[in-house]
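Peer 1: I would like to see how this sequence folds:
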Amino acid sequence: QVQLVESGGGSVQPGGSLRLSCVASGRTSDVKAYAWFRLAPGKRREGVSWISTIDDTTYYSVPVKDRFSISIDNAKNTVYLQMNGLSTEDTAIYYCSAIRSELIPGPVYDYEMDYWGPGTQVTVSS
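Peer 2: Numbering: from 1, shown residues only. Have a look, this model is predicted:
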């Protein structure tokens, strides 16, 4: 089992930045990739970004590409999501997730993931 705990959410004005953190514990050696998802009111949960623990391959969804950056600190078992240029469209609960198998380059879907954190709220408003 792998446990995930997110932090770093909060309220920010449009154009601002936040950095989300996800601390992993347990059998982290089984994890092949970490991903961030978000769930906005009235929308389906969408994959935002993922990073491979094997070769650091990354992926970003179109709405966040060039604004968000995912990284991993293996020594701390922590995954980060740096979010810049935030807009009201980014308001959502953000979830960290992990998968035991390799991801194919491209979008990631929630049904693929094995483990989930409880989520952290990000609110962008003026």
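Peer 1: How about the secondary structure of the residue nearest the centre of the chain?
Peer 2: For the chain, Trp36 is the residue whose C-alpha lies nearest the centre (Cα atoms, centre = their mean; 1.9 Å). Following DSSP: H, G, I helix; E, B strand; the rest coil, Trp36 is assigned to strand.
Peer 1: show me the contacts for it.
Peer 2: By Cβ atoms under 8 Å, 6 or more residues apart in numbering, the residues touching Trp36 are 20, 22, 47-50, 70, 79, 81, 94-97. C-betas here are computed from N, CA, C, even on glycine.
Peer 1: next one: Ser52
Peer 2: Per Cβ under 8 Å, 6+ apart, neighbours of Ser52: 32-33, 58, 102-103.
Peer 1: Against Ser101, how distant is it?
Peer 2: 11 Å (Cβ to Cβ, to the nearest Å).
Peer 1: Overlap in contacts, these two.
Peer 2: What both Ser52 and Ser101 touch, as defined by Cβ under 8 Å, 6+ apart, is the set Lys32.
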